[in-house]
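A.B. asks: how would this look folded up:
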Amino acid sequence: MGKLYGLIGHPIGHSMSPVMHNGEFKELGLSHHYHAFDLSPEQLEDGVDAMKMLDIQGFNVTIPHKVAIIPLLDEVEQEAIDIGAVNTVYKRDGKYIGTNTDGSGYLLSLLTLIGEKNLSGKKILVIGAGGAARAVAVSVSQSEVASLTIANRTLEKAEELSKLCQHYSVANAITLSEAETSLGQFDIVINTTSIGMSPHLDRMPISLEHIRSGTVVSDLIYNPLETKWMKLAKSKGAVTDNGISMFVEQGALAFEKWTGVSPDRKRMRNTVLKELGGY
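C.D. replies: Coordinates of the predicted model:
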């Protein structure tokens, strides 16, 4: 008999996780099922109790529950504590344990893109200081970077995140305007904000006037598959990648946590692309 896995969030109708995980269960001959549960913030505590009653073996957590779920779990792994958010829960010895595969998933996707084992010597710029930025910055800062710079509309939030990352690497905070004028000094530029996401397709997180050819420009957005910002970066000679790589990698790491089986990441990516109409 198959096991039940899932996703909790609000809203969750747009999520690609069910089609990605159920598709991979089918391809691997596993009789498991992945179901999305729409839980409002007021329903979260009862919802987690229900997940336990249903003996769900693992589930993903998305907005707005990534922080609020922490006190409802039996244990939380250190990486999730550092990031301050949980995106994956797995069951071990009767306990529900929270972890975070967003940051590690992003790092793996970035290393695959550049063909390196780590980010040694790289100067990184992260745009944004929200939840996604925390996951990306904490993980990236642990990969031997030369420096990590956080740029955000609110400088205080960027400074808070840079202080956290200083435990692992040289890190500092700057304004968005400072990021624009100093863009040429960075090897990798990462947008963790929602600026440019559908339906606000004409917006861009920062100007790319000073970017140099060969810079890696990464955008966590994957709807649209290529933002206006990414198109412009590509036209200026940058190496670009959208958010599907991170989405697939974080999902694959969760899949491995739950099942002990390594999924086919290329197949998962193609499943998502096909669903989004970009196959």
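
A.B. asks: Pull the residues that contact the host helix or strand of Trp258.
C.D. replies: Assignment of secondary structure by DSSP states H and E places Trp258 within helix 244-259. By C-beta atoms under 8 Å, 6 or more residues apart in numbering, the surrounding residues in contact with helix 244-259 are 5, 16-17, 20-21, 24, 30, 32, 57-58, 60, 87-88, 90, 99, 101-102, 104-106, 108-110, 112-113, 220, 222, 225, 261-263, 265, 268-269, 272-273, 276. (C-beta placed from N, C-alpha, C; glycine too.)

A.B. asks: which residues does Asp38 bridge with?
C.D. replies: For Asp38, the beta-bridge partners are Gly9 (DSSP bridges).

A.B. asks: State the distance from it to Ala129.
C.D. replies: Distance of Asp38 to Ala129, given as C-beta to C-beta, to the nearest Å: 28 Å.

A.B. asks: His210 too?
C.D. replies: His210 sits at a distance of 21 Å from Ala129 (criterion: C-beta to C-beta).

A.B. asks: With Leu73 instead?
C.D. replies: From Leu73 to Ala129 the distance is 25 Å (C-beta to C-beta).

A.B. asks: how about the strands of the stretch 151-279 of the chain, start to end?
C.D. replies: For the stretch 151-279 of the chain, the strands identified by DSSP state E, counting those that start in this stretch occupy 171-174, 188-191, 216-219, 239-241, in order along the chain.

A.B. asks: for those, which one ends up most surrounded?
C.D. replies: With neighbours defined by mean count of other C-beta atoms under 10 Å, none of these is more surrounded on average than strand 188-191, at a mean of 25.

A.B. asks: so what strands line up beside that strand?
C.D. replies: By DSSP bridges, strand 188-191 pairs with strand 123-127 (parallel), strand 216-219 (parallel).

A.B. asks: how far is the first one from where the chain is centred?
C.D. replies: On the basis of C-alpha atoms, centre = their mean, to the nearest Å, strand 123-127 sits 15 Å off its chain's mean C-alpha point.

A.B. asks: Repeat that for stretch 218-237.
C.D. replies: On the basis of C-alpha atoms, centre = their mean, the separation between the geometric centre of stretch 218-237 and that of its chain is 17 Å.

A.B. asks: can you check stretch 165-184 too?
C.D. replies: 20 Å.

A.B. asks: pLDDT (mean, whole number) over it?
C.D. replies: Regarding stretch 165-184, the rounded mean pLDDT is 98.

A.B. asks: Just the buried residues of it, please?
C.D. replies: The neighbour-count criterion (16 or more other C-beta atoms under 10 Å) identifies Cys165, Tyr168, Ser169, Ala171, Ala173, Ile174, Leu176, Ala179, Glu180, Leu183 as the buried residues of stretch 165-184.

A.B. asks: Please list the residues outside stretch 53-69 that contact it.
C.D. replies: Counting by C-beta under 8 Å, 6+ apart, the neighbours of stretch 53-69 from elsewhere in the structure are 3-10, 12, 15, 17, 37, 39, 41, 44, 48, 51, 84-91, 98, 131, 251, 254, 257-258.

A.B. asks: if we can go back for a sec, between Asp38 and Ala129, which one's more packed in?
C.D. replies: Counted by other C-beta atoms under 10 Å, Asp38 and Ala129 do not tie: Ala129 has more neighbours, with 25 against 14.

A.B. asks: The stretch 51-200 of the chain: helices as residue ranges?
C.D. replies: Secondary structure of the stretch 51-200 of the chain (DSSP state H, counting those that start in this stretch): helices at 78-83, 102-114, 131-140, 155-165, 176-181.

A.B. asks: Show residues contacting the last one.
C.D. replies: Counting by C-beta under 8 Å, 6+ apart, helix 176-181 makes contact with Leu125, Ile127, Thr149, Ala151, Asn152, Arg153, Pro205, Ile206, Ser207, Glu209, His210, all of which sit outside it.

A.B. asks: Run a quick neighbour tally on the first one.
C.D. replies: The tally of other residues near Leu125 (other C-beta under 10 Å) stands at 23.

A.B. asks: Pull the contacting residues for the closest residue in space to it that isn't next to it in sequence.
C.D. replies: Closest residue to Leu125 apart from its sequence neighbours, by C-beta to C-beta, 6 or more residues apart in numbering: Phe186 at 4.3 Å. Phe186 is in contact with Lys123, Ile124, Leu125, Thr149, Thr215, counting by C-beta under 8 Å, 6+ apart.
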